[in-house]
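Novice: next comes the sequence, and after it the predicted model I'd like to discuss.
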Amino acid sequence: MIDKVQFVDIIEPRNKQFGIFKFMTRPWHPKKSLIMDTSCTPEEIKEIVARSTYIDSFIEAESVRSGVHKEQLMKQVREHLEEMGLDKKMHVIRWMGIVFLKISFMMRIGIFVNEAAILKLKEQMGTNPIIFLPTHRSYADFCVLTYLCYHYDIELPAVAAGMDFYSMAVVGQRMRETGAFYIRRTMVGAPLYAATLKQYVRTLVAKYHAPLEFFIEGTRSRSNKSLPPKYGMLSMSLMGYFAGEVSDITIVPVNFSYDRIMEQVLFAYEHIGVPKPKESTGGFLKSLRSLNDHFGNIYVNFGTQISLKEFLKGTNLVTNESLKPASLQQLTTEQLSQVRDIADEVVVLQQNSAVATISNLLAFVLMDSLMKCEVLDYECLLLEVEWMMEVLSGLGASVYEKDIKNSVDRILVVHHKMVALDRERRLRLLTGDLMKVSDDVTAKMKGHILKAETMMTALPVIQLQIYINPMLHYIVTPALVYVLVKRGPTNKDTLANDYHRLRKLLKHEFFYVARTEKEIFNKAIDYCTTQGVIVNKEGTMSAGDAHRLQFLLEWALLPFLTTLKLCMDVMTEKKRCEHAQVLKRVQAAAERAAQHPYCLSLECAASGLRGLLAAAALRTHKTGSENVYEVVPPAMEGCRQLVNSVLSEINAVWGRNNPVLLHAPLPSRL
């Protein structure tokens, strides 16, 4: 079990000890991540990039290849730098801090920080570059981390931001002036832009005095689970170390855990195929009205730091690239593999730093109630939350709750639009009126057009699942062990074989690192044995009698295994099908069979298809811009047999007949 972390609320003092305006206008002398003889300004960083040997060499080669004059290419480089380059203006930083705090008080949030970890990091700063790699669960993530650095007198990080924000009037420029730099989503067909960005990021790491920050997942996780890491930005960031420009780089994984995610309703809609609304200043201003509500706490936990030098200790840094000037060196195949290992390690450390919030605990308890079709009264609710705390703590989760009753009462207010106590003080999940979907939205839907009644009950369940998901990495391994043993007596070798096959099929739902799986598998067996989930007699394993915990483990996997089965059913029937059509057919099948509402998630179906590709049950090729899947019959049949053998027989009711669902008329329109 992870040691209990002491969190400190860094928002509360602004109301009591030191007012907002006074705090944001105080003398500010931040600790730099990299102390050098001369600190470069943002403008000087751009100039260093433009005059670098790498850019000069690239322009020379590009001019020969394309026939464009070097002067014209250099002009394009400078335009790219103006587009992407960060800026910092102290008066803007102060005013943006005031706005951030005002909105935080409007949202009634607390920002709880693992203060011991950030102070330890601050003490070590100054000798080598720092890279913050936070989870990405909400647009609030980079605002919170930037404010946190201001609060602790740490130089504000240079934050990689998407071009969606660049085009937002006023907001885009203000973000730039508080340290954001902009990167395009794709660099396909833009080699000069890619080279400029690569050199810009590399220069920020080696010659700028502030930490670098970017989201290794690349985008917000709509599921609230860890996504597989992207390697591009990390490769650019670490190039300076491999080329010997810096002696070490400190990588700091950061986990954000939310009582209530601002975008939870939008995420639920996106899961069923409603397109994400385009970011705009007008949309942001309109959204401010919805922020005048209770949003609970945000927990910021800093994971175990990675010293790049220590992580790569024993590897040979001398390569053929080392013979080139430092600025012209590129990553070798082995170094790219090492970057991938580091990225995987970061995601694992982010997961290990996840805090089980009261929202997570309540979501588990309420989903359990839905699965059983049994309504919980208030006193039973408190007992169930306490039991859930014990389960997650026993699995290694960090649980920050001291007073269960007060925490439950608080979170019922925070999630008053999603859950409520009825007149008899029983916990219910709220559903709204029948959805009125406009023709415009229907035309843009990415998936199957769902019935209004399906959407009415599915959306709240999907929102509930979003708060279960971030804790599932603690539960998935013992759950897999249990559902495999439940089939009938087995030995460890057979269990391990089927476990690894299932793990691969679900690898895009539940991130893991293959090299540590043997140890994790053994720990899962030990846990299940200790808790009575399974019984191990002389090497033969069978199901135990811990029925309460067994039921939890079983339903935790249900939506993912069911969606996987639906993907296999659709592909077995169609033999060959385009990606978008498979997703629509899976949604339609889930709706017809009244399956768990999370089976309607396009993201869940896409993960299932990727798992089948990893298991070689499908092969894929492109036709135009669309991926087309083809079934590999023998492998598909093996996967079908395995998944069918472990699928739960839980017969939950997902419509109006489930007594846990409470119809609460709320205006809903798309």
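Specialist: Yep, that arrived.
Novice: check the offset of the helix or strand of the chain with the lowest mean pLDDT from the chain's centre.
Specialist: Across the helices and strands of the chain, mean confidence by mean pLDDT, DSSP states H and E is lowest for helix 281-287: a mean of 72. Offset of helix 281-287 from its chain centre (Cα atoms, centre = their mean, to the nearest Å): 24 Å.
Novice: ok, and what's touching that helix?
Specialist: For helix 281-287, contacts defined as Cβ atoms under 8 Å, 6 or more residues apart in numbering pick out Met168, Ala169, Val170, Val171, Pro277. All C-beta atoms are positioned from the backbone trio N, CA, C, and that covers glycine.
Novice: element containing the last one?
Specialist: When you say that, I think you mean Pro277. Assessed by DSSP states H and E, Pro277 sits outside every helix and strand.
Novice: do you know how far the closest residue to it other than its chain neighbours is from Ala169?
Specialist: Nearest residue to Pro277 in three dimensions, chain neighbours excluded: Gly283, at 6.3 Å (Cβ to Cβ, 6 or more residues apart in numbering). From Gly283 over to Ala169 the distance is 11 Å, taken as Cβ to Cβ, to the nearest Å.
Novice: again with Ile298
Specialist: Distance from Ile298 to Ala169, by Cβ to Cβ: 28 Å.
Novice: who has more neighbours, these two?
Specialist: Ile298 (27 against 10; other Cβ atoms under 10 Å).
Novice: so what pLDDT did the more buried one get?
Specialist: Looking at Ile298, its pLDDT is 96.
Novice: quick check: it touching Ile111?
Specialist: Yes - using Cβ atoms under 8 Å, Ile298 is in contact with Ile111, at 5.1 Å.
Novice: need the overlap of contacts for those two.
Specialist: By Cβ under 8 Å, 6+ apart, Ile298 and Ile111 have these common neighbours: Val144.
Novice: domain boundaries for the protein, per the record?
Specialist: Under automatic domain parsing, the residue ranges defining each domain of the chain are 8-260+295-352, 356-670.
Novice: pLDDT below threshold where in this structure?
Specialist: Low-confidence segments of the chain (pLDDT under 70): 1-4, 17-18, 434-437, 665-670.
Novice: which element follows the strand ranked longest in it toward the C-terminus?
Specialist: Secondary structure of the chain per DSSP state E: the longest strand is strand 250-258. Later in the chain than strand 250-258, the nearest helix or strand by DSSP H and E is helix 264-271.
Novice: check which helices and strands that following helix sits against.
Specialist: The contact analysis (3 or more Cβ pairs under 8 Å, 6 or more residues apart in numbering; DSSP states H and E) places helix 264-271 against helix 452-468, helix 602-614.
Novice: any chance of the ones you listed in TSV, plus mean neighbour count and distance to Ala160?
Specialist: What follows is these, written out as TSV (neighbours: other Cβ atoms under 10 Å; distance: least, Cβ to Cβ, whole Å):
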stretch	mean neighbour count	distance to Ala160
helix 452-468	23	25
helix 602-614	22	23
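Novice: and of the ones you listed, who's closest to Lys504?
Specialist: Shortest distance between Lys504 and the helices and strands packed on helix 264-271, using Cβ to Cβ, is found for helix 602-614: 5.4 Å.
Novice: what is the orientation angle of that closest one with helix 452-468?
Specialist: Interaxial angle, helix 602-614 versus helix 452-468 (axes from the mean of the first three to the mean of the last three Cα atoms, to 10 degrees): 70 degrees.
Novice: which residues in the stretch 201-350 of the chain form strands?
Specialist: 212-213, 250-258, 297-302, 306-307 (DSSP state E, counting those that start in this stretch).
Novice: the third one pairs with which strands, parallel or anti?
Specialist: When sheet partners are counted by DSSP bridges, strand 297-302 sits next to strand 110-114 (parallel), strand 250-258 (antiparallel).
Novice: what angle do helix 264-271 and the longest one make with each other?
Specialist: On the basis of the same axes, to 10 degrees, strand 250-258 is oriented at 100 degrees to helix 264-271.
Novice: which of the helices and strands packed on helix 264-271 sits closest to Arg656?
Specialist: Across those, closest to Arg656 is helix 452-468 (Cβ to Cβ), at 7.2 Å.
Novice: now do that closest one: distance to the chain's middle.
Specialist: Centroid separation between helix 452-468 and its chain, computed with Cα atoms, centre = their mean, is 19 Å.
Novice: can I get the CA coordinates of that helix in CSV?
Specialist: Extracted in CSV, the C-alpha atoms of helix 452-468 (Å, rounded to 0.1, in the frame of the first residue of the first chain):
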residue,chain,number,x,y,z
ALA,A,452,-34.1,9.2,-27.0
GLU,A,453,-34.9,6.9,-24.1
THR,A,454,-31.6,5.1,-24.5
MET,A,455,-29.7,8.4,-24.2
MET,A,456,-31.8,9.5,-21.2
THR,A,457,-30.6,6.5,-19.1
ALA,A,458,-27.2,6.0,-20.8
LEU,A,459,-25.7,9.4,-20.3
PRO,A,460,-25.9,9.5,-16.4
VAL,A,461,-24.5,5.9,-16.2
ILE,A,462,-21.6,6.9,-18.6
GLN,A,463,-20.9,9.9,-16.4
LEU,A,464,-20.9,7.6,-13.3
GLN,A,465,-18.5,5.2,-15.1
ILE,A,466,-16.1,8.1,-15.8
TYR,A,467,-15.5,8.4,-12.0
ILE,A,468,-15.0,4.6,-11.7
